[in-house]
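**Q** coords below, sequence missing:
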């Protein structure tokens, strides 16, 4: 099982550029999440989805967009990159029932210059 | 909104010693989950241990155990016989099943260094 797979692992963007962080999971989990981790800080929720076609904002959604067209995929879109978006981004999933254990991808380190 | 606080930004102990990491949280809910995640330099988030709030018994996983004090809203992690491989960032996290989204709220983390 691959679990949760994120691509790319590293990326450098110029201010104003756009990009999509890809996330896919092969565990048939209903719930998926995007978190960001700033240096020396804990993870903060950007967006989440409880199923295909359903998305909602988390704690820090400004500057990001998401979509959930399939159960497996949950891409995160940055439209106009800003230095404040320099961070490590994690995608995660949970089955949606039971003990709530979250499975995380390996993270994407994004630098905006 | 729930909050999670880890008051120890950094800790350092000698190999084989026991270390305790602190975590407090704030919630008005009665049923919830608490987690400790480990993040080594590889960045991977690894679940260390889980505690259900309705269970009075403290969770244990080999060398890792928790001290869950529900009334005090405290959830500390004890690592016994610490090993060099325990060096990592440790995050305490809260999850409420209410609303169905199972979102995690993280503390700021504690950087733990195990010295040889």
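**A** Cool, the structure landed. Remember, predicted model here, so these are calculated numbers, not experimental data.

**Q** Which residues does stretch A:103-110 contact?
**A** Stretch A:103-110 has contacts (C-beta atoms under 8 Å, 6 or more residues apart in numbering or on different chains) with A:3-13, A:19, A:21, A:23, A:25, A:27, A:29, A:37, A:78, A:85-94, B:42-45. For glycine as for every other residue, the C-beta is placed from the backbone atoms N, C-alpha and C.

**Q** if we go to 6 Å?
**A** Counting by C-beta atoms under 6 Å, 6 or more residues apart in numbering or on different chains, stretch A:103-110 makes contact with A:3-4, A:6, A:10-11, A:21, A:88-93, B:43-45, all of which sit outside it.

**Q** from the residues you listed, which is closest to residue B:86?
**A** Here the nearest of the contacts of stretch A:103-110 to residue B:86, counting by C-beta to C-beta, is residue B:44; it sits at 14.6 Å.

**Q** May I have the phi/psi pair for the closest one?
**A** Backbone dihedrals for residue B:44, given as degrees, to the nearest 10, come out at phi -60, psi 140.

**Q** Against residue A:62, how distant is it?
**A** Going from residue B:44 to residue A:62 by C-beta to C-beta, to the nearest Å gives 27 Å.

**Q** Look at these two and report which has more neighbours.
**A** residue B:44 (15 against 9; other C-beta atoms under 10 Å in any protein chain shown).

**Q** Count the neighbours of the residue of chain B found nearest chain A for me.
**A** Nearest residue of chain B to chain A (C-beta to the nearest C-beta) works out as residue B:106 at 3.5 Å. Residue B:106: 21 surrounding residues under other C-beta under 10 Å.
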